[in-house]
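Visitor: Based on what follows, work out the 3D shape:
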Amino acid sequence: MVKAVIIVGFVAACGFMGNLKAGELKERIALLEDFRMMILYLKGKINYFREPLTNITEKNKKTDHSKAFSLLSETGAALGEKNDDIGRIWPQKATTIYKSTSLTAEDMEIIKYPGCFLGQTDWQNQQTNFDYLEQRLCEQITQAGQIYTAKGPLYRKIGFFAGGLIAIVFL
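Guide: Residues are numbered from 1 along each chain as shown. A predicted model of the protein is given here:
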């Protein structure tokens, strides 16, 4: 009886680990989509309302449940506190906020990219950079979706398979 419980425990634990790994792939997609929505929001505010970056970040306190909007508001708060360059603040805040996530190095490069052009160039150049960033984000989201579609079920199956192998060893 105890042996059966241990075997079922191993199968369940390994299956759970496979599900966790597949969940990380899905989390990556969600984080990239969230960042894309923040970029679209930011682009719209700058493009249509011609609001300064500091005004946009101050009005954005209500959406702190999102990592991307949290990045925007924390960057705005840091810009208000310090007389520092957004080119330094944005990457620092991005690294801090996204530190323990499942994003790849290339994803982080894209997330840090707005610090290179926000508030530092003219309006037309910013719009060009926003278009480029949107294109890169769409490519990354598509790639992450393909990876999730291919590897997500694989990780789940491997987890349960590994648990089954351990169970066979214990028999």
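
Visitor: List phi and psi for Leu103.
Guide: Dihedral pair for Leu103: phi -70, psi 150, per degrees, to the nearest 10.

Visitor: show me what contacts it?
Guide: By C-beta atoms under 8 Å, 6 or more residues apart in numbering, the contact set of Leu103 is 28, 31-32, 111. For glycine as for every other residue, the C-beta is placed from the backbone atoms N, C-alpha and C.

Visitor: Just send those back as CSV, with secondary structure too.
Guide: Listed next are the contacts of Leu103 as CSV, based on DSSP: H, G, I helix; E, B strand; the rest coil:
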residue, secondary structure
Arg28, helix
Leu31, helix
Leu32, helix
Ile111, helix
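
Visitor: And the pLDDT for the most centrally placed residue in the chain?
Guide: In the chain, the residue lying closest to the centroid (C-alpha atoms, centre = their mean) is Leu31, at 2.9 Å. For Leu31, the pLDDT comes out at 96.

Visitor: ok, it touching Thr101?
Guide: Yes: under the criterion of C-beta atoms under 8 Å, Leu31 makes contact with Thr101 at 5.9 Å.

Visitor: Which residues are in contact with each of these two?
Guide: Between them, Leu31 and Thr101 share the contacting residues Lys67, judged by C-beta under 8 Å, 6+ apart.
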